[in-house]
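K.L.:
Could you look at this predicted model? Sequence included:
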Amino acid sequence: RKEVEQDPGPFNVPEGATVAFNCTYSNSASQSFFWYRQDCRKEPKLLMSVYSSGNEDGRFTAQLNRASQYISLLIRDSKLSDSATYLCVVRRSSASKIIFGSGTRLSIRP
Amino acid sequence: DAEITQSPRHKITETGRQVTLACHQTWNHNNMFWYRQDLGHGLRLIHYSYGVHDTNKGEVSDGYSVSRSNTEDLPLTLESAASSQTSVYFCASRQDQRYEQYFGPGTRLTVT
């Protein structure tokens, strides 16, 4: 079993829709959580950190559920420009190295 | 503006050749990382460094080496390129005490 798992998608949703995807992690002592966005043939870019109480940045909301060991990303009022692959990232407690999920591909259609 | 750059952006080489990929950051970050990204595997850590003269192996380090002679640069060397090393390579860096990593634009390497 992978340490960080994501549904690869693709999620294909119409513009303006709300879309959510989860990421599960296996190490219960994991400390830090992030969502990155990666456009085709480009580098990953930090979208947002995920805090224990949940956090919001404009149309994006991130949640952490430690009991069930998953984090989620909700995108409201989706735009064509949201089309990308979203990477879930988790830091192990015992090291400062981080683990990347394989990504969830999102495609927004007009 | 501070940034992280990689060169070359594209490279084609032959099996058995030594290849060096450059990574340069101007953020003065102590922590630097090399990843490879392949379909079906996501990003995998090759080597990393927490400061000058410090280097450490990641999960897929066989056939690769790094050196850190200054804060700004972490070159990645493929000792004898193999077709299995055809991939996209990303360099990243981060500040001490923070875990968000910032990536360079990547190098697309093809080994024929």
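P.N.:
The structure has been received and is ready for your questions.
K.L.:
list the contacts for residue 78?
P.N.:
Going with chain A. A:V13, A:P14, A:E15, A:G16, A:A17, A:T18, A:V19, A:R59, A:I108 (Cβ atoms under 8 Å, 6 or more residues apart in numbering or on different chains). Any C-beta I mention is one placed from the backbone N, CA and C, and that applies to glycine too.
K.L.:
nope, chain B
P.N.:
B:Q18, B:V19, B:T20, B:L21, B:G63, B:Y64, B:Q85, B:L109.
K.L.:
follow-up on the earlier one: so among the contacts of A:S78, which ones count as buried?
P.N.:
Among the contacts of A:S78, those classed as buried by 16 or more other Cβ atoms under 10 Å in any protein chain shown are A:V13, A:V19, A:I108.
K.L.:
Against chain B, how distant is the last one?
P.N.:
Right, the one you point to is A:I108. Taken as Cβ to the nearest Cβ, to the nearest Å, the spacing of A:I108 relative to chain B amounts to 22 Å.
K.L.:
now for the worst-scoring helix or strand of chain A on mean pLDDT, which elements pack on it?
P.N.:
Sorted by mean pLDDT, DSSP states H and E, the helices and strands of chain A end with strand A:98-100, the least confident at a mean of 89. In this structure, strand A:98-100 makes packing contacts with strand A:32-38, strand A:84-91, judged by 3 or more Cβ pairs under 8 Å, 6 or more residues apart in numbering or on different chains; DSSP states H and E.
K.L.:
Most tightly packed of these?
P.N.:
Taking mean count of other Cβ atoms under 10 Å in any protein chain shown as the contact definition, the stretch among those with the greatest mean neighbour count is strand A:84-91, which reaches a mean of 24.
K.L.:
Pull the most distant pair out of the contacts of A:S78.
P.N.:
Comparing all pairs in the contacts of A:S78 by Cβ to Cβ, the longest separation belongs to A:P14 and A:R59, at 15.1 Å.
K.L.:
Switch the contacts of A:S78 over to JSON lines; also include secondary structure.
P.N.:
Supplementary listing: these in JSON lines, determined by DSSP: H, G, I helix; E, B strand; the rest coil:
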{"residue": "A:V13", "secondary structure": "strand"}
{"residue": "A:P14", "secondary structure": "strand"}
{"residue": "A:E15", "secondary structure": "coil"}
{"residue": "A:G16", "secondary structure": "coil"}
{"residue": "A:A17", "secondary structure": "coil"}
{"residue": "A:T18", "secondary structure": "coil"}
{"residue": "A:V19", "secondary structure": "strand"}
{"residue": "A:R59", "secondary structure": "coil"}
{"residue": "A:I108", "secondary structure": "strand"}
